[in-house]
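Novice: The amino acid sequence is not available; the structure is as follows:
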């Protein structure tokens with residue numbers, strides 16, 4: 001039985017898109033499910049769009065997501081190199097094979113001539129490949145131009161009036177008329193191949209058995225099918241994944257929200273949450289289950305359960321999944337994730353015990369790891385100020401006097417626990433003849449700078465006596 005071999009083949013033109021992560025995930029799951037090989041190939045032949053550092057970012061992102069490849073840059077394998085710019089001689093060799101067999105041809109049109117032809121084509125409706133002026137040249141004339149150094153590309157010669165068909169695991173039988181397919185450039189004048197030629201040559205020589213990629217590549221597949229046929233090579237199995245959509249069902253784009261995996265990393269989404277969420281953007285297990293580890297996804301995944309319809313990227317659902325995973329972490333594990341975020345902002349996280357207790361206050365209230373910083377920063381640094389709305393609502397003419405009373409009784413406590421601080425605060429309110437809220441709200445404002453948050457008395461215990469007394473003094477002086 002043939003070993004399953006799949007590949008994830010991104011272009012290093014920027015940060016990894018969430019759609020790219022889904023493609024990588026589905027390839028990874030399919031390979032692991034079938035005991036196959038997951039290949040990473042870097043398709044860097046578009047030198048104009050190449051971004052420095054993009055490859056390193058890509059590798060780091062895959063490691064973060066837990067998607068380990070079996071063959072690729074830095075991991076060996078006997079089908080390399082796995083970076084296309086290191087395989088240029090191979091593409092030239094097979095482009096020449098196509099020219100010699102009459103399945104491709106040299107073209108010498110300038111950019112200006114091509115633009116004029118496109119404009120004429122728009123007006124006439126005639127397919128662009130009807131302008132095959134280079135095919136009117138004799139072999140000697142072609143060679144003369146090449147010898148003279150005239151810039152040239154190699155184009156695929158698409159047959160006329162043909163039906164190009166292939167089977168897709170997700171979409172079934174797919175057919176295109178050759179009239180819909182232009183004479184695609186295979187080799188550019190700079191000596192680099194286009195995506196189409198390099199993709200087919202690499203998939204063949206890397207032994208790829210299944211091509212799992214986004215729907216946006218579906219229209220390119222007829223060109224690839226023609227290339228496989230022209231070379232006499234066996235086609236891989238194709239599976240084109242549904243588009244990712246915004247809530248308004250337009251194609252997912254940065255105009256309506258974050259699309260780079262790095263954006264979600266930076267905001268504090270957990271890798272297991274993002275992977276779990278992305279797995280469901282097109283696939284489902286056939287029942288009501290929604291929470292899966294990577295190992296569980298591997299056992300359950302199948303291409304047959306991937307749908308054709310576009311999948312909506314629902315941020316509320318991602319938030320819910322991320323909340324679930326945050327709540328699964330114990331204190332030590334959560335502390336190891338959040339501590340670097342706090343320290344990066346110059347906050348003193350204190351002892352492991354203090355950090356774990358502080359994070360426990362917010363565990364049920366946060367959506368992302370970053371929320372621990374924005375919501376719980378006052379546990380690690382004095383508030384830089386007081387929320388104006390909270391001051392307006394909770395600071396009254398008698399609040400300073402009330403806080404002095406609270407300051408006095410808290411200073412006398414030996415046991416500064418949640419239960420003891422609650423007892424003395426409520427008894428003080430009773431002694432002053434006011435409701436407990438008249439003390440609770442100003443105290444919360446004093447220690448956190450806000451009007452809402454976790455339970456006040458648990459907050460006081462975590463902050464400790466010295467910090468609480470200092471912040472009460474400061475508030476009395478500041479707000480007066």
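Specialist: Arrived safely. What you see is a predicted model; the values in this text were computed from it and never measured. Residues are numbered from 1 along each chain as shown.
Novice: in the stretch 51-200 of the chain, which spans are helices?
Specialist: Under the criterion DSSP state H, counting those that start in this stretch, the stretch 51-200 of the chain carries helices at the ranges 54-65, 88-101, 111-124, 139-147, 195-205.
Novice: Adding mean neighbour count and mean pLDDT, write those out as CSV.
Specialist: Where C-beta positions appear, they are placed from N, C-alpha and C, glycine not excepted. CSV is the format used below for these (neighbours: other C-beta atoms under 10 Å; pLDDT from 0 to 100):
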stretch, mean neighbour count, mean pLDDT
helix 54-65, 17, 95
helix 88-101, 15, 96
helix 111-124, 11, 78
helix 139-147, 12, 93
helix 195-205, 22, 97
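Novice: can I get those in a markdown table with distance to residue 236?
Specialist: Formatted as a markdown table, the helices of the stretch 51-200 of the chain follow (distance: least, C-beta to C-beta, whole Å):
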| stretch | distance to residue 236 |
| --- | --- |
| helix 54-65 | 22 |
| helix 88-101 | 17 |
| helix 111-124 | 32 |
| helix 139-147 | 33 |
| helix 195-205 | 6 |
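Novice: Figure out which of these is closest to residue 382.
Specialist: Nearest of the helices of the stretch 51-200 of the chain to residue 382, taken as C-beta to C-beta: helix 54-65 at 33.5 Å.
Novice: could you say what helices and strands that closest one packs with?
Specialist: Of the remaining helices and strands, those touching helix 54-65 by 3 or more C-beta pairs under 8 Å, 6 or more residues apart in numbering; DSSP states H and E are helix 18-33, helix 261-266, helix 271-279.
Novice: worst average pLDDT in those?
Specialist: Mean pLDDT per stretch puts helix 261-266 lowest among those, at a mean of 94.
Novice: Please parse this protein into its domains.
Specialist: 88-241, 254-328, 329-372, 382-479 (automatic domain parsing).
Novice: so what's residue 151 up against?
Specialist: Residues in contact with residue 151 (C-beta atoms under 8 Å, 6 or more residues apart in numbering) are 108, 110, 189.
Novice: Try it again at 7 Å.
Specialist: By C-beta atoms under 7 Å, 6 or more residues apart in numbering, the contact set of residue 151 is residue 189.
Novice: For it, give me the pLDDT.
Specialist: 93.
Novice: Which of the helices and strands packed on helix 54-65 sits closest to residue 375?
Specialist: That would be helix 261-266 among the helices and strands packed on helix 54-65, by C-beta to C-beta, at 17.0 Å.
Novice: Which strands or helices does that closest one pack on?
Specialist: helix 54-65 (3 or more C-beta pairs under 7 Å, 6 or more residues apart in numbering; DSSP states H and E).
Novice: Could you tell me the angle between the helix it packs on and helix 271-279?
Specialist: Calculated by axes from the mean of the first three to the mean of the last three C-alpha atoms, to 10 degrees, helix 54-65 forms an angle of 100 degrees with helix 271-279.
Novice: Give me the contacts around helix 54-65.
Specialist: With C-beta under 7 Å, 6+ apart as the test, helix 54-65 has contacts from 10, 12-16, 21, 24, 42, 69, 261-262, 265, 271, 275.
Novice: next one: stretch 237-250
Specialist: Outside stretch 237-250, the residues touching it (C-beta under 7 Å, 6+ apart) are 18-19, 22-23, 26, 166, 168-171, 209-215, 217-218, 221, 251-253, 256, 281-282, 303, 306-314.
Novice: sorry, back to before: of the contacts of helix 54-65, which qualify as buried by neighbour count?
Specialist: 10, 12, 14-16, 21, 24, 42, 69, 261, 265, 271, 275 (16 or more other C-beta atoms under 10 Å).
Novice: sorry, back to before: for the helices and strands packed on helix 54-65, give me JSON lines that also has distance to residue 139.
Specialist: Listed next are those as JSON lines, based on distance: least, C-beta to C-beta, whole Å:
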{"stretch": "helix 18-33", "distance to residue 139": "42"}
{"stretch": "helix 261-266", "distance to residue 139": "50"}
{"stretch": "helix 271-279", "distance to residue 139": "52"}
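Novice: To residue 177, which of the ones you listed lies closest?
Specialist: Comparing these by their distance to residue 177 (C-beta to C-beta), the top pick is helix 18-33, with 27.8 Å.
Novice: Name the residues of that closest one that are buried.
Specialist: In helix 18-33, counting by 16+ other C-beta under 10 Å, buried: 18-33.
Novice: The residue located most distally from the centre of the chain: which element?
Specialist: Most distant from the centre of the chain: residue 431, at 57.5 Å, with distances by C-alpha atoms, centre = their mean. Element membership for residue 431 (DSSP states H and E) is helix 418-432.
Novice: Outside of that helix itself, list whatever touches it.
Specialist: Outside helix 418-432, the residues touching it (C-beta under 7 Å, 6+ apart) are 402, 405-406, 409-410, 413, 435-436, 438-440, 457-458, 460-461.
Novice: Provide a ChimeraX selection command restricted to the buried entries of these.
Specialist: Listed next is the ChimeraX selection for buried residues among the contacts of helix 418-432, using 16+ other C-beta under 10 Å:
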select :402,405,406,410,438,439,440,457,458,460,461
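Novice: Quickly name whichever of the contacts of helix 418-432 is closest to residue 195.
Specialist: Comparing these against residue 195 with C-beta to C-beta places residue 458 closest, at 57.3 Å.
Novice: which residues touch that closest one?
Specialist: 361, 418.
Novice: Name the helix or strand of the chain that has the lowest mean pLDDT.
Specialist: helix 111-124 (a mean of 78; mean pLDDT, DSSP states H and E).
Novice: How far off centre is that one?
Specialist: 38 Å (C-alpha atoms, centre = their mean, to the nearest Å).
Novice: about what we covered before: just the buried ones from the contacts of stretch 237-250?
Specialist: Among the contacts of stretch 237-250, those scoring as buried are 18-19, 22-23, 26, 166, 168-170, 209-215, 217-218, 221, 252, 281-282, 303, 306, 310-311, 313 (criterion: 16+ other C-beta under 10 Å).
Novice: And for the residue most central in space within the chain, nearest residue in space, chain neighbours not counted?
Specialist: For the chain, residue 261 is the residue whose C-alpha lies nearest the centre (C-alpha atoms, centre = their mean; 2.4 Å). Nearest residue to residue 261 in three dimensions, chain neighbours excluded: residue 16, at 4.7 Å (C-beta to C-beta, 6 or more residues apart in numbering).
Novice: Can you verify my assumption that residue 387 contacts residue 452?
Specialist: No: using C-beta atoms under 7 Å, residue 387 is not in contact with residue 452, being 9.2 Å away.
Novice: of those two, who's got more company?
Specialist: residue 387 (16 against 10; other C-beta atoms under 10 Å).
Novice: Distance-wise, check the more buried one relative to residue 421.
Specialist: 22 Å (C-beta to C-beta, to the nearest Å).
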